[in-house]
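> quick check, what structure comes out for this input:
(2 chains)
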Amino acid sequence: MMSLLFLLILLAMVALMRGRMRAAYGCLTVGLLLSLFWFNHHIGQQLSIVL
Amino acid sequence: MSSSLLRSLNALGVLGIAVILATGLALQVIDDELPCPLCLLQRVGFTLVMFGFMLNVMQGLRARHYGIVVFAALFGAAVALRQISLHVVPGTGTYGSPILGLHLYTWAFLLFAAVLLAVGVLMIASRDHPVDDRAVASGAQRAVCWFAIAVTAANVIATFLECGPTVCADNPVDYILLSQNDLPDLTYFS
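Down below sits the predicted model:
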């Protein structure tokens, strides 16, 4: 699933180069939201430090 | 500072980040060190930063484009800081080999901080410019953008080979799609 993040950004870049800004921003938004989701998914371990 | 110079500096930012990502991929292949999920998310942060700079190159200078760069850099810095926190206590181990005395996640944090600093300088330098609607990038600038796209495509392929269509292993030992026998090692966070 992590490759999906790169794929979405890749599609956003290609759309940008072709001037399709709506598609570019759409892919970017989905990519950002999924990135936050995966970040939250991968921070399950408790840290051994006191903040 | 003129708009064309600022656009060239943004193109330089795209090139710099693309070279960083290409270096990460090269180290992955040469040293056979597979990136962990947090490492991959830092690469995602770099790719998003690159996209923000590309927007300025291809569509002209806009405050919201810089906003995307700032958001992406903050995301990448948060991921890097999280990984640094995992290993900051002596005896908690590290991940990967150090480069020039620092691990890649520490370098990533410093580079994301440098991106934020650079964006601040660029925004101050462009304070009085009207909206730049000359959305015609030079041939060299377009070439830099296509190089960035190629590096991103390489990341898509490398990540898919490593993780496949499922969740990435916390401590990957092999490319899932290139190995029939190895199961994901889930001990990194245990």
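> contacts, neighbours, all on C-alpha from now
Fine.
> who's in contact with the residue nearest in space to the middle of chain B?
Taking CA atoms, centre = their mean, the centroid of chain B lies closest to B:F46, which sits 1.8 Å from it. Residues counted as contacts of B:F46 (CA atoms under 8 Å, 6 or more residues apart in numbering or on different chains) are B:17, B:21, B:72-73, B:76, B:112.
> any idea which helix or strand carries it?
helix B:37-59 (DSSP states H and E).
> mean confidence for that helix?
Mean per-residue pLDDT for helix B:37-59: 95.
> pull the CA atoms of that helix into PDB?
Only the C-alpha atoms of helix B:37-59 are listed here, as PDB (Å, rounded to 0.1, in the frame of the first residue of the first chain):
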ATOM      1  CA  PRO B  37       7.900   2.100   6.700                       C
ATOM      2  CA  LEU B  38       8.900   5.300   8.500                       C
ATOM      3  CA  CYS B  39      11.900   5.600   6.000                       C
ATOM      4  CA  LEU B  40       9.400   5.300   3.100                       C
ATOM      5  CA  LEU B  41       7.100   7.900   4.600                       C
ATOM      6  CA  GLN B  42      10.100  10.300   4.800                       C
ATOM      7  CA  ARG B  43      10.700   9.700   1.100                       C
ATOM      8  CA  VAL B  44       7.000  10.400   0.600                       C
ATOM      9  CA  GLY B  45       7.600  13.700   2.400                       C
ATOM     10  CA  PHE B  46      10.500  14.500   0.100                       C
ATOM     11  CA  THR B  47       8.300  13.700  -2.900                       C
ATOM     12  CA  LEU B  48       5.600  16.000  -1.700                       C
ATOM     13  CA  VAL B  49       8.100  18.800  -1.200                       C
ATOM     14  CA  MET B  50       9.300  18.200  -4.700                       C
ATOM     15  CA  PHE B  51       5.800  18.400  -6.000                       C
ATOM     16  CA  GLY B  52       5.300  21.800  -4.300                       C
ATOM     17  CA  PHE B  53       8.400  23.200  -5.900                       C
ATOM     18  CA  MET B  54       7.300  21.800  -9.300                       C
ATOM     19  CA  LEU B  55       4.000  23.700  -9.000                       C
ATOM     20  CA  ASN B  56       6.000  26.900  -8.700                       C
ATOM     21  CA  VAL B  57       8.100  25.900 -11.700                       C
ATOM     22  CA  MET B  58       5.300  24.900 -14.000                       C
ATOM     23  CA  GLN B  59       2.400  27.100 -12.800                       C
END
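> how far away from the center of its chain is the biggest helix by length in chain A?
When chain A is parsed with DSSP state H, its longest helix is helix A:21-41. Here the centre of helix A:21-41 is set off from its chain's centre by 4 Å, with CA atoms, centre = their mean, to the nearest Å.
> and if you look at stretch B:149-169?
14 Å.
> ok, now stretch B:95-110?
On CA atoms, centre = their mean, the centre of stretch B:95-110 falls 14 Å from that of its chain.
> now swap in stretch B:65-76 and tell me
Worked out by CA atoms, centre = their mean, stretch B:65-76 lies 11 Å from the chain centre.
> residues touching that stretch, excluding its own?
B:41-46, B:48-53, B:55-56, B:108-109, B:112-113, B:115-116, B:119, B:123.
> low-confidence ranges in chain B?
B:127-135, B:180-190 (pLDDT under 70).
> what sits against B:L15?
So B:L15 contacts B:144-145, B:147-148 (CA under 8 Å, 6+ apart).
> separation between the most centrally placed residue in chain A and B:G13?
With distances taken as CA atoms, centre = their mean, chain A has A:G31 as the residue nearest its mean C-alpha position (3.1 Å). From A:G31 across to B:G13, the span is 21 Å (CA to CA, to the nearest Å).
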